[in-house]
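>>> 3D, please:
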Amino acid sequence: MNKIIKGAVFDMDGLMIDTEKLYLRYWKQAAADFGYTMEDKHVFAIRSLARKFSIPMLKGFFGEDFPTEEVRARRTELINAHIAEHGIVVKKGLFELLEYLKQHNIRIAVATATPQNRTMMYLDKINVLDYIDSVVCGDMVTTGKPDPEIYLTAAKALDLPPDECAAFEDSPNGIKAAYSAGCHAIMIPDMTPPENELLPMLSGVYESLDEAVNFFEGRL
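Below you'll find the model as predicted:
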């Protein structure tokens, strides 16, 4: 018998909004502005990774003198300028899935590594705040992804045990966090397909968010 699902927790970047490609582009540009050559593999390695983990990883890639905070600030500046000019692209099927969940009285949270001020700005811009019951951001927890704390916090905010929550992610670090918390980890791949090590952790893989409605069949 399938476990009854009463909550859904969403990552944001690359899952709800099409911003991971901006992180890829502007991490590399920001690093180049400081004289470093950052490659796709370096950006992929730190997707959704908490700062306490990403900083030593970046220094491992580029040396102890790599100016992580300055490069990060430049990356944010570049992304903000891009969004101010072009807006935010919503990922396929987001509103279809949110409507489905609300119609079935599923409580909804967002669990993102992005800081609170930028998260709320993004969610407001794409007009989804009315669907969401709780938001947990990277600067609201002690240890971010891949640690499970952010998903445990989100489930608690929904007043649900983690095993009654579906967790939607696009990145390996996010899947590890959701699975470790005890949620049903569902991957909607964005820039990379699921790696072999992730497969045992996954309760489902779908090409787009609207297809993930299928996960809830027999679980509501």
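>>> element containing Y151?
Element membership for Y151 (DSSP states H and E) is helix 149-157.
>>> show me where the protein has helices.
Under the criterion DSSP state H, helices of the chain are mapped to 20-33, 40-45, 51-62, 68-86, 94-103, 116-125, 149-157, 172-181.
>>> which intervals of this protein have sub-threshold pLDDT?
Counting by pLDDT under 70, the ranges of the chain that qualify are 1.
>>> Can you give the domain ranges for it?
7-18+89-216, 20-86 (automatic domain parsing).
>>> Going by neighbour count, list what's buried in the helix holding Y151.
Within helix 149-157, the residues that count as buried by 16 or more other C-beta atoms under 10 Å are E149, I150, Y151, L152, T153, A154, A155, A157. For the C-beta atoms, the positions are set from N, CA and C on the backbone; glycine is no exception.
>>> Next: stretch 72-87.
R72, R74, R75, T76, L78, I79, I83.
>>> ditto for stretch 160-171
Quick answer for stretch 160-171 (16+ other C-beta under 10 Å): L160, P162, E164, C165, A166, A167, F168, E169, D170, S171.
>>> Which of the buried residues of helix 149-157 sits closest to A31?
Of all those, A31 sits closest to I150, with 26.2 Å by C-beta to C-beta.
>>> contacting residues around I4?
By C-beta atoms under 8 Å, 6 or more residues apart in numbering, the residues touching I4 are E164, R219, L220.
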